[in-house]
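>>> structure of the sequence below:
(chains A, B, C and D)
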Number of protein chains: 2
Amino acid sequence: MVKAGRPAQDPVRQQERAHRILDAAAELILRWGYDKTTIDDVAKQAGVAKGTIYLHWKTRDALFAALLRRERVLMMEEVRAAAPASPRDLIGGLAGALLRRPLMRALMLGDAEVLGKLSKQKQESATTPALSSAFEDYLGTLAEQGVIRSDRALAEHLTVVSSVLYGFLFTHALLPEPARAPDDRLRELIADTADRALGTSEPALRAGARAVAQATLDYLDTVAEVARHKLALSLGSEERNP
Amino acid sequence: MVKAGRPAQDPVRQQERAHRILDAAAELILRWGYDKTTIDDVAKQAGVAKGTIYLHWKTRDALFAALLRRERVLMMEEVRAAAPASPRDLIGGLAGALLRRPLMRALMLGDAEVLGKLSKQKQESATTPALSSAFEDYLGTLAEQGVIRSDRALAEHLTVVSSVLYGFLFTHALLPEPARAPDDRLRELIADTADRALGTSEPALRAGARAVAQATLDYLDTVAEVARHKLALSLGSEERNP
DNA sequence: ATTTGACCGAATAGTCTCATCCAGTCAAAC
DNA sequence: GTTTGACTGGATGAGACTATTCGGTCAAAT
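This is a model prediction of the structure:
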């Protein structure tokens, strides 16, 4: 009865509010887990009314999907900002970024404590065509420059990288605290293992190095761009179909 | 009053019976899963009375522990029989053997469908000292012969191998059938990745190769022997403490 | 001495009822 | 047009009780 309801309609303010809500959701989901974080909690934490949240997202799940998408964007931008110049740096960057982001880690490890039921769906993501082709382009360039072995199918390279990343992260999470290597060391081990697995570790020609670095950045740019695009859709109030 | 109840006491017959019971348990657990396999089922399948099972194992869990121990023995003997001559062959052999044995796979992947509650304990296994020292000896020899890099702690080598094995197997299991590489190929990828990660892939001197092969077999012998010993304890009617 | 299977009790599964929670809606306030 | 929060109803959980299952025992049979 006190506050007027009309200062807005400004799409910038709307975006800001969307992010405030996501901030609130992130904090609560990390503290209490997905299953125990209610929309009412999020609304209170974000300082908006519950109905407002439904102006942005049609369902609870859409809200959390947006949260994860935002997290992915932040992660990819962080990786990109480090300007990796080789697949090795790229993988190291990804590993480091994943280790540093609890939500991403939980998502990747299928952590039921944090993500509850949400973690069980998550194979919906049939990778966007744009991403596949960007990845293929990237590998193509790497092969041309002779920095990865060409006796293997692209799909196999993907399997190798995924498996190495996943294996180290998971094993790391399972290990009892005392025996665990520090995160930075783990990151090195991952980058090193994946790099050796991919490569003819021939140091690449001077000129090739530039092409590789450029391809790496291009690839990251594409990935980040796609991620941002998906996020943008998730902030407007778009819908996933059932 | 016709048949005496005394033909037995022959420890060989007892052993045979233990194995028959384990065979029965293996078949049932693979068909219906751990949670749904009852002692009565096992007894019927094995053609013995329920009480007889309790002459061999004090609890249901002890029976299944014995089953897994036996599986491990069989697997290690299979790997050993292939006479791997390098860490690469060893890891490939392990991967292949794991892929071929549903119970081992289920155990490794924590497959709740098959192993139910059992899969949640399984961190009881604080590796036997004998195994650790055998492993250290093995790595020591490899380092001496220059086939693995010596700029890394032993524990890290272990982490690397575990992570690679685990990562590939798990990713493999998650992937949708059509996209999955065939088991043989996967085995190659695993062996290759782990080998590159461990190694100075310098081909090792002629003389060194023999020493490496010998060390590999020695290591496997020790592991198999320890496994057999633990199994033997599990067949007698020994007890684990709570 | 060995083996058996009927038997026991603890744990689990099933059923019904009542209370609570919470995602999502919408009429009213601004 | 925008925001709100009381409200709804479907779902989920708590509680109380019964039925069934199954690990483990032991007296009897051989």
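
>>> where does chain A dip in pLDDT?
Within chain A, the set of residues satisfying pLDDT under 70 comprises A:1-11, A:112, A:114-126, A:201-207, A:236-242.

>>> looking at it, which residue is nearest DNA strand D?
Using C-beta to the nearest atom of the strand, the closest approach of chain A to DNA strand D is made by A:Gly51 at 2.1 Å. (Glycine included, C-beta is placed from N, CA and C.)

>>> distance of that residue relative to A:Val42?
Using C-beta to C-beta, to the nearest Å, A:Gly51 is found at 13 Å from A:Val42.

>>> sorry, back to before: skip ahead from the helix or strand hosting the residue of chain A closest to DNA strand D and say which helix or strand is next.
With elements taken from DSSP states H and E, the one containing A:Gly51 is helix A:50-56. Following the chain from helix A:50-56 toward its C-terminal end, the next helix or strand by DSSP H and E is helix A:60-81.

>>> show me which of A:Gly51 and A:Val42 is the more surrounded one.
A:Val42 (25 against 9; other C-beta atoms under 10 Å in any protein chain shown).

>>> so A:Ile53 makes contact with A:Ile39?
Yes: taking contact to mean C-beta atoms under 8 Å, the distance of 5.9 Å between A:Ile53 and A:Ile39 places them in contact.

>>> comparing the two, which residue is more hemmed in?
Set A:Ile53 next to A:Ile39 and count neighbours by other C-beta under 10 Å: A:Ile53 wins out with 22 against 17.

>>> give the contact list for the more buried one.
For A:Ile53, the contact set (C-beta atoms under 8 Å, 6 or more residues apart in numbering or on different chains) comprises A:Ile21, A:Ile39, A:Val42, A:Ala43, A:Ala46, A:Leu63.

>>> could you give the number of residues near the fifth one?
Here the number of neighbours of A:Ala46 (other C-beta under 10 Å) works out to 21.

>>> again with A:Ala181
The burial count assigned to A:Ala181 is 17, neighbours taken as other C-beta under 10 Å.

>>> helix/strand/coil for it?
The assignment at A:Ala181 comes out as coil when based on DSSP: H, G, I helix; E, B strand; the rest coil.

>>> what touches both of A:Ile53 and A:Ile39?
Shared contacts of A:Ile53 and A:Ile39, counting by C-beta under 8 Å, 6+ apart, come down to A:Leu63.

>>> and the residue nearest the centre of chain A?
The centre of chain A sits closest to A:Arg72, judged by C-alpha atoms, centre = their mean, with a distance of 2.9 Å.

>>> ok, and the closest non-adjacent residue to A:Gly208?
Residue nearest to A:Gly208 in three dimensions, not counting chain neighbours: A:Gln145, with 4.1 Å by C-beta to C-beta, 6 or more residues apart in numbering or on different chains.

>>> right, I mislabeled it, should have said A:Leu186
Taking C-beta to C-beta, 6+ apart, and ignoring the residues beside it in sequence, A:Leu186 has A:His172 as its nearest neighbour in space, at 5.7 Å.

>>> need the next SSE after the strand or helix carrying the one you found, C-terminal direction.
With the criterion set as DSSP H and E, the secondary-structure element containing A:His172 is helix A:154-174. Under the assignment DSSP H and E, the closest C-terminal helix or strand after helix A:154-174 is helix A:183-198.

>>> so in chain A, which helix runs the longest?
Looking only at chain A and at elements set by DSSP state H, the helix with the highest residue count is helix A:206-236.

>>> buried residues in that helix, which are they?
A:208, A:211-213, A:215-216, A:219-220, A:222-224, A:226-228, A:230-231, A:234-235 (16 or more other C-beta atoms under 10 Å in any protein chain shown).

>>> still on that earlier bit, do the helix holding A:Gly51 and DNA strand C meet at all?
Yes: applying C-beta under 7 Å from any atom of the strand, one finds helix A:50-56 in contact with DNA strand C at A:Lys50, A:Gly51, A:Tyr54.

>>> and that helix, how far out from the chain middle?
Put simply, helix A:50-56 sits 25 Å off its chain's centre (C-alpha atoms, centre = their mean, to the nearest Å).

>>> got the CA coordinates for that helix in CSV?
What follows is helix A:50-56 as a C-alpha-only set of coordinates in CSV (Å, rounded to 0.1, in the frame of the first residue of the first chain):
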residue,chain,number,x,y,z
LYS,A,50,7.1,-13.6,-5.7
GLY,A,51,5.0,-12.6,-8.7
THR,A,52,7.8,-10.5,-10.0
ILE,A,53,9.9,-13.6,-10.5
TYR,A,54,7.2,-15.0,-12.6
LEU,A,55,7.4,-12.0,-14.8
HIS,A,56,10.9,-13.2,-15.8
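
>>> identify each buried residue in that helix, please.
Taking 16+ other C-beta under 10 Å as the criterion, helix A:50-56 shows A:Ile53, A:Tyr54, A:His56 as buried.

>>> export these to CSV and append columns for distance to A:Phe135.
Supplementary listing: the buried residues of helix A:50-56 in CSV, determined by distance: C-beta to C-beta, whole Å:
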residue, distance to A:Phe135
A:Ile53, 35
A:Tyr54, 36
A:His56, 31
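
>>> of those, closest to A:Val12?
Proximity to A:Val12 was ranked across those by C-beta to C-beta; first place goes to A:His56, at 14.2 Å.

>>> between the residues of helix A:50-56 next to DNA strand C, which is closest to chain B?
Ranked by distance to chain B (C-beta to the nearest C-beta), the residues of helix A:50-56 next to DNA strand C are led by A:Tyr54 at 34.0 Å.

>>> distance check, that closest one against A:Ala232.
A:Tyr54 sits 19 Å away from A:Ala232 when distances are taken as C-beta to C-beta.

>>> likewise for A:Arg196?
Using C-beta to C-beta, one obtains 38 Å as the distance from A:Arg196 to A:Ala232.

>>> ok, A:Leu158 next?
To A:Ala232, A:Leu158 is 27 Å away according to C-beta to C-beta.

>>> settle this for me: A:Met104 is touching A:Val73, isn't it.
No: when contacts are counted by C-beta under 8 Å, A:Met104 is not listed as touching A:Val73 (11.3 Å).
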